[in-house]
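> sequence and predicted model, in that order:
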Amino acid sequence: MFIFKHPEAEDDEVFITNSNEKVFNQMSWVTKRKGKVALDGNGLMTNNDDWFPVFIGKKELESSEMSIKDIRGEIRRKIEDVLSVVK
């Protein structure tokens, strides 16, 4: 499985998603950190100026016993709720 390594991630962090301020504020990760440049899955800059990458500490991720896939699914649901996106 391919895991995207964001160039802004520190050695002890993992990139979990791109986010806006509203969704970021709802995330409960203690070690969450905002990056500067949101990138798409191909590593290209996104067109969303109000979005930024979010990183969490690897140790916090490991202790959560959640997979990156599960975390991203949870965040996607929060984004949909916050932005009132209906599938």
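In hand now; what should we look at? Given the structure is predicted, the values throughout are model-derived calculations rather than measurements. Residues are numbered from 1 along each chain as shown.
> ranges for the strands of the chain?
For the chain, the strands identified by DSSP state E occupy 13-19, 33-34, 52-57, in order along the chain.
> give me the sheet partners of the longest one and which way each runs.
The pairing partners recorded for strand 13-19 under DSSP bridges are strand 52-57 (antiparallel).
> out of the strands of the chain, which is closest to E74?
When the strands of the chain are ranked by proximity to E74, the top entry is strand 13-19, at 9.6 Å, counting by CB to CB. For every residue, glycine as well, the C-beta is placed using N, CA and C.
> give me the mean pLDDT for the closest one.
Per-residue confidence for strand 13-19 averages out to 93 on the pLDDT scale.
> swap in stretch 45-59?
Taken as a whole, stretch 45-59 carries a mean pLDDT of 92.
> okay, buried residues for it please.
Along stretch 45-59, the positions that meet the burial threshold by neighbour count (16 or more other CB atoms under 10 Å) are W51, F52, P53, V54, F55, I56, G57.
> dump these to TSV, plus distance to N42.
What follows is these, written out as TSV (distance: CB to CB, whole Å):
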residue	distance to N42
W51	16
F52	18
P53	14
V54	18
F55	19
I56	22
G57	26
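> D70: which of these is nearest?
Comparing every one of these with D70 (CB to CB), the shortest separation belongs to I56, at 13.1 Å.
> picking up where we left off before, quick one: closest of the strands of the chain to I71.
Nearest to I71 among the strands of the chain is strand 13-19 (5.5 Å), distances taken as CB to CB.
> who's in contact with that closest one?
The contact list for strand 13-19, computed with CB atoms under 8 Å, 6 or more residues apart in numbering, reads 3-6, 8-9, 27, 29, 31, 33, 35, 38-39, 46, 48, 51-58, 61, 68, 71-72, 75-76, 79.
> buried sites along it?
With the criterion 16+ other CB under 10 Å, strand 13-19 contains buried residues E13, V14, F15, I16, T17, N18, S19.
> who does the second one form a beta bridge with?
I take that to be V14. With DSSP bridges applied, V14 shows beta-bridge pairing to I56.
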